[in-house]
Structure formats: structure tokens, C-alpha cells
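J.: can't give you the sequence, but here's the structure:
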């Protein structure tokens, strides 16, 4: 008799506990990001102030590189343990297509700009998927060793393919995206026609043939840290990587590296909310998103890392580096001086053709 | 005295036939034994066999198409894929009805990305159509063919419809064909275009390089294990720590260390240039190729070879060698005819460990293998974590598993699996 009473009591408390919390928001957040100085910048600009204001405990998970696969596995297991996930735009699109990320009503969830411009206009074209909240604009661009390129520093992306003027190895990312566009561009295709050409068999063959001319001299990288290291070691004379990595090699570590902004490839990174969260966890995640992507916070992040804030209204607020005290604006990929000739890649096109082109690219690599 | 009945069967004390009572006792014993190992069995089933089985099953599973587009699949049955024209209005009506339900449940893009693995472009067809179809009135808004074509002209492409038709059955061999560089053609499987063939090459390369790595491990480990086994215990323990030390170091650290050693501005090249053995402009290329992968992986897997060899060699009595020599054998004969055959179980165990581990390696090849030194597992990892084509990853994994089992079987036939010892 006593036992049944006790177990009934235990059962009722176990049932009551989540119900009591359902009334407001969860007080713990698991946020997934890329780690390193990028996660540090988010911690400084978003997590710490948010925790201080709301008392919510934020757990940082550095799994963004495998986020897509992990979210799918969690979703299939019916146990999603992440609340907010930082992914690149193309991954956000994939997750949205697979039904693994929740769609977000940008104007309802996100804060308007200080002058009242609704969020969807403030972010503008950068909202490339219904599930995606843009955070930063970064670019994949080139760095070169100032002491190894001779008297004339490269000013055009086509220096990559010019083995006569710039002999030595170069490092490129081991994937078709960006490389194919640069190859075609340097083979004389106009910027506006890149995807029309790339959409044909001949175009793909042409791009690969152009890459073939430097294939022996390329070191292929998969992690963003590789190119700065290869440059520092003098293994390569130039190489592509994310602009923030080059910034930290140049400004923070004083390496003899120069930036080549020509035809830098703009890309986006931002937040998604995985599908299948309980209402109180989702409410908390949306509350966090509203806070972390307002105009001032996005500008704050740029104090710690040289990635451009995704809101138009944040750009004027970008200030100085928190420790080095240098103006950050000239190091942003979006700075007018750097953005004279940029390449914006076509997310929709790549979502359709990525698997096909990747198969061809990998077959070409292996040969 | 009544132990035997009239028909001759032996009875137990309680009168039941002895045979049955014995069987019952044995069964009880078996059940008890089974119950004792049940937790372990259950654990292995739940955490190992079932997940692997579930993953492998994905290599043939394909019910997403017929589940998401049931009406379309039925309506499409009568369409002739070789007609060169898109199907008629009734298929598009069915598609509109299916897509409306699917878009409500947000499943339309999922089927789009599934089919996009086969024909590029389909994913955006479904994504765009889903948005529009949500607003249609399926009963009255027809005819739909024109409206679909207005959303995207791709809906009029017979190739798109051929793909939907080909992949409408619940099960498919498509992933396995793809994993063997084949594709579904108009009449049966056919080779993929040459510029897309990659998996055969990678399978062959994986086998070849794993073999080379195993052999170099044997060659390097044998003398080390021999010294370890024949030194006095104190100095042997000290040396053992040297073998185990890299074992306790992170895999990434060891791989990066090889980068520092092997790269063109690295320690080895710098030393060779300083010694004047290599010209400054002709530094050796030792990394980002097969050589780099073989060196780094041989180093990383070496302890897996040394340890079983060492524990087997420890059990070989030195008296055997002495006996052989006292009977007139030379050093070499004594080693080759007496010592070596007894150490084979250690070589076998080590080889199986190293070979199977190296077949599944992908982090080290990814970091030091460049383009020519990557394994099939790198592609599996890519399809699991990046392209999300888990069906193809499962098919590649299933083939790899089958190859390993065949090799294991062949090993059993040639060397004998009883002839493997870990100590």
C-alpha cells in the first residue's frame, strides 16, 4: 500500500516537472558552432551578454563541421539535443530541404533595425532559405607570401593559374565549389555567364581542363587552418582560405602574408533551429536568435573576428578590434575597397548540381 | 526393478523416460547458460548488430518515392519512358494532389533531394513546385500540366520523369550500381561516363595500400618484437613503453607530426639539403601522395603489429633454438625452420588487425594523402557527413564489409584461423 502511494507520488512529480517548465522557456541552451576563434567571437558578442541578462546557461558544442549528418541522425533517433546550430548557407538549405530545420518567419522572430526597417529587408537577399538566419558574410579568398611572389604582388585571382609569373605550389579547397568558377573566369568566361557555362558538360570539362594546368602544383585542403599553416611554412606561395583565417595570420601572428581580394567568393554563415524541439526549448532558441542577431550584436561580433555582419544596418557600427585596437572595417570582405570584384555563388544552382559535379571533380582528382 | 518398460526405454526415478528427463535437464542448463550471457548478447545486438544492419539496409531502401508520391507513381506506370515526351495531364493531376499533401508535411523537398542524387536539378523542381502547389485547389484548378511547366520547364523533361519512374519501387539496386561505377540504363546496368568513375579505382587503391601498409608493418615490427621478447624483463619493459608511447598520443598529433617531417620545407628535406644530398630546387615530394599515407599509417598502426607478435614470441622457448643448433643447424636454418614457424600466429593476428584497421582509416589519408593517397572510406565519410547520400554510403560500406569477409575467409582457407594467436 505504502509502495503504491510512493510510486504514484514519484510518477506525478515526474509528470509535473516538464509541465511546470512548459509555461515559460527552457533555461538551458545548447549552441553548436565551429570552434576556435569563431566560437570565441560568438561567446564574447552573444553568449556571455545573453547569459548575464537572462541567467540562461549556454553550452557550446563545436560540431558544426558534421552538423548536417548529426542533425539527421538525431532527428531519426527522435532525440534532438541541440537548440541552435551555426551552419553555412548551403548546409542550411540542405537541412531545410530534408525537413531537418524549422522554417522561420524572419519578421516575426527577428528584431527590426533601429530605424524600423523590418528584419527581412535589413538582411535582404542574404536570407537564402526559409530556415536560415544569416549572421556573417565571409569570403573564401587568397593569401600570398609577400616574400615569395617576386617584385609584383598578384592583383588578379588568375595569378593562381599563372605558373610562369608565380612559380611554386598553391593550395585550393578540395571541392568543386569556387574552384570551378575561378577556373572558368580565368579561362575567359564572363562573370555573369559562369553558371550557364558550368551547367553544360563542355563547361565542366573546360573548367577541369583549366585546373589541369596547375594540378601538379596544387595542395588540396579540407580544413580552413591548413592554408595559413602552409603559407607560414613556405610550402605554398599562395592559397585560398576563409578571410578571417588570413586576417589572424597577418594581424595577430605577423606573418609575411598579403591578401588578394580579387574575385573573393562571398558566402554566408548563420543560424538554424533543428526540427523537433519541444515548445519551451524552441521558444528559448527563438528568443536567443532575436537577441543575438539584432543590429548591435552583429556589429559587436566584428570586434573579435574579421567577418562582415549580415545586416545592412550593422555595417556603420563596426568598430575596432577588441584587443589589437585596429579598425576592423578595412579588413571586412564587404568593405568597398575589398569588394570591387566579388563572386557571389549561386546557392540554388549548387544545391541542384553539387552531388553531380562533386562526383566528376573527385574522379578528376583521383586520376 | 521397474527401470525398464515393456518397449525397452529406460525410465528415470520419477517414472518419465530417461531420455526425456535428460533432455529437460540439458535444456534447463542451456537456458541458464543463455540467460547468463543474455545481457551481453542483448547489448551486442542493440548497440552493434542492429545499428549496422539498419545502416546497411539503407543501401536498398527506397520507399520515400512511393510513400510521398503514391498517386503519381501509380499514374506513371503506363507512361512509356522512351516516348521522348513528358507524361500526360492525368500524371500531373496526381502529382498536384501528392505534392499538396507532401508540401503540407514538408516532405516534398526530401523526395526532391533523394531524386537529385540520380538526376541533378530535380531538387529545385520540387522545392519550387511545393511553394506554388500549396495554394492550388486540386479539385478545380486543373489542368495542371501547363501550370507545372510554368513553374519550371524542367517538369516537361522526360529524363526527370524517367528518374521518378525508375526510382518508384520500394527497393532499389541503384545505390549498389552507383557504388560500382554503374548506372541504370535503358536496358539494364551500364557503365557510368568515364569522367564519373571513381569507386572501383578507390576500392582497388584501398586494398593495395592496406596490403602495402600491412607488409611494411610486418617488416618493421618483427625485429622489434623479437628484441622485446628476448631482452631481460627490465629493459624489455622500458622499450615497451617506447612502443606504447605513440599509442597514447592523439592520432591527429601524430599525423601532423608527419606533416612537419615530410613536407618540402620540413625536417627531412631541410636536413638533406643541408647535407647537400638534395638540391634546394629539387626537394623530395614525400607528402600529399601515397608515400605520405603509407609512412604515416605504418607508423600509426605499428603497435597493433608489435603487440601480438611480442606476446606470441614470448611463448617460444629459447631451448628450441638451442636444440636446433646443437643438432647442427646454422643460425639461419634454426631461425627459419624452428623459430619463424612458431611466430606465424603472431604475424597472422597482427596482419588481420592492421589490414582491417587500415581499410577503414580516413582521417590520416585525408590529411596526408593528397589526391592519390585517399581511401574508399574518405568517400564514405563524405557521403555520410556532407552529401547526406546515406544510401550510397551504406552500399559502399556493404561492399567493403563483404570484401573484408571474403578476405577473412580466404585467410582461413590458406593460413587457418586457428593459427592466429594474440598471445
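T.: Structure's in. What do you need? All values reported here derive from a predicted model rather than from experimental measurement.

J.: Tell me the residues on the stretch 51-200 of chain A that lie near chain B, please.
T.: Residues of the stretch 51-200 of chain A lying close to chain B (Cβ under 8 Å from any Cβ of the partner chain) are A:65-66, A:68-69, A:72, A:94, A:96-99, A:103, A:169. Heads up, the C-betas are built off the backbone N, CA and C, glycines and all.

J.: Just send these back as JSON lines, with pLDDT and neighbour count too.
T.: Formatted as JSON lines, those follow (pLDDT from 0 to 100; neighbours: other Cβ atoms under 10 Å in any protein chain shown):
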{"residue": "A:65", "pLDDT": "89", "neighbour count": "17"}
{"residue": "A:66", "pLDDT": "90", "neighbour count": "14"}
{"residue": "A:68", "pLDDT": "92", "neighbour count": "25"}
{"residue": "A:69", "pLDDT": "92", "neighbour count": "19"}
{"residue": "A:72", "pLDDT": "92", "neighbour count": "20"}
{"residue": "A:94", "pLDDT": "89", "neighbour count": "25"}
{"residue": "A:96", "pLDDT": "92", "neighbour count": "24"}
{"residue": "A:97", "pLDDT": "88", "neighbour count": "26"}
{"residue": "A:98", "pLDDT": "88", "neighbour count": "21"}
{"residue": "A:99", "pLDDT": "90", "neighbour count": "20"}
{"residue": "A:103", "pLDDT": "94", "neighbour count": "15"}
{"residue": "A:169", "pLDDT": "94", "neighbour count": "19"}
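
J.: And the furthest pair within those residues?
T.: Spanning the widest gap among these are A:103 and A:169, at 44.6 Å by Cβ to Cβ.

J.: pLDDT score assigned to residue B:422?
T.: You'll see residue B:422 listed with a pLDDT of 69.

J.: Surely residue A:163 is in contact with residue A:217?
T.: Yes: with contact taken as Cβ atoms under 8 Å, residue A:163 and residue A:217 are classed as touching, separated by 6.4 Å.

J.: more neighbours, those two?
T.: Using other Cβ atoms under 10 Å in any protein chain shown, the more surrounded residue of residue A:163 and residue A:217 is residue A:217, with 17 against 14.

J.: Next one: residue B:301 from chain A, what distance?
T.: Applying Cβ to the nearest Cβ, to the nearest Å, the value for residue B:301 to chain A is 22 Å.

J.: which strands and helices sit next to the stretch of helix or strand residue B:229 belongs to?
T.: Assigned by DSSP states H and E, residue B:229 falls within helix B:199-230. For helix B:199-230, the packing partners by 3 or more Cβ pairs under 8 Å, 6 or more residues apart in numbering or on different chains; DSSP states H and E come out as helix B:233-244, helix B:290-314, helix B:340-359, helix B:376-385, helix B:390-414.

J.: Can you check the pLDDT for the nearest residue to residue B:266 once chain neighbours are set aside?
T.: Closest residue in space to residue B:266, ignoring its immediate chain neighbours: residue B:260 at 5.6 Å, by Cβ to Cβ, 6 or more residues apart in numbering or on different chains. Listed pLDDT for residue B:260 reads 92.

J.: re earlier: name the nearest of the residues of the stretch 51-200 of chain A next to chain B relative to residue B:82.
T.: Set against residue B:82, the nearest of those by Cβ to Cβ is residue A:97 (30.7 Å).

J.: Secondary structure element for the nearest residue to the closest one once chain neighbours are set aside, which one?
T.: Take residue A:97 and drop its neighbours on the chain: the residue closest to it by Cβ to Cβ, 6+ apart is residue B:109, 3.8 Å away. Taking DSSP H and E as the criterion, the element that holds residue B:109 is helix B:108-116.

J.: now the angle from that helix to helix B:390-414?
T.: Counting by axes from the mean of the first three to the mean of the last three Cα atoms, to 10 degrees, helix B:108-116 points 50 degrees away from the direction of helix B:390-414.

J.: ranges for the helices of the stretch 151-300 of chain A?
T.: Secondary structure of the stretch 151-300 of chain A, counting by DSSP state H, counting those that start in this stretch: helices at A:179-186, A:194-198, A:201-212, A:226-233, A:243-247, A:279-292, A:295-301.

J.: Tell me the buried residues in the third one?
T.: When burial is assessed from 16 or more other Cβ atoms under 10 Å in any protein chain shown, helix A:201-212 yields the following buried residues: A:203-204, A:206-208, A:210-211.

J.: cool, the fourth one as well?
T.: Of all the residues in helix A:226-233, those buried under the rule 16+ other Cβ under 10 Å are A:226-231.

J.: Please identify which of the residues you listed is nearest to residue B:50.
T.: Minimum distance to residue B:50 across these is 38.1 Å, recorded for residue A:226 (Cβ to Cβ).

J.: State the pLDDT value of the closest one.
T.: Residue A:226 carries a pLDDT score of 91 in this model.

J.: Domain map for chain B?
T.: As assigned by automatic domain parsing, chain B contains the domains B:1-57, B:63-172, B:199-419.

J.: For those, which has the smallest mean pLDDT value?
T.: The stretch with the lowest mean pLDDT among those is domain B:1-57, at a mean of 85.

J.: any residue of that one up close to chain A?
T.: No: using Cβ under 8 Å from any Cβ, domain B:1-57 never reaches chain A; the gap is at least 9.5 Å.

J.: Contacts only, for the residue in the stretch 151-300 of chain B positioned nearest to chain A.
T.: Among all residues of the stretch 151-300 of chain B, residue B:198 sits closest to chain A, at 4.3 Å; criterion: Cβ to the nearest Cβ. The neighbourhood of residue B:198, defined by Cβ atoms under 8 Å, 6 or more residues apart in numbering or on different chains, consists of A:359, A:362-363, A:366, B:181, B:379.

J.: can you do 10 Å?
T.: A:359-367, B:181, B:192, B:376, B:379 (Cβ atoms under 10 Å, 6 or more residues apart in numbering or on different chains).

J.: Now the buried members of those residues.
T.: Burial by neighbour count, 16+ other Cβ under 10 Å: within these this picks out A:359-366, B:181, B:192, B:376, B:379.

J.: Need those residues in CSV (columns: secondary structure and distance to residue B:411).
T.: What follows is the buried ones among the contacts of residue B:198, written out as CSV (DSSP: H, G, I helix; E, B strand; the rest coil; distance: Cβ to Cβ, whole Å):
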residue, secondary structure, distance to residue B:411
A:359, helix, 34
A:360, helix, 37
A:361, helix, 37
A:362, helix, 31
A:363, helix, 32
A:364, helix, 36
A:365, helix, 33
A:366, helix, 29
B:181, coil, 27
B:192, coil, 32
B:376, helix, 20
B:379, helix, 26
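
J.: From those residues, which shows the smallest pLDDT?
T.: Among the buried ones among the contacts of residue B:198, residue A:366 has the lowest pLDDT, at 87.
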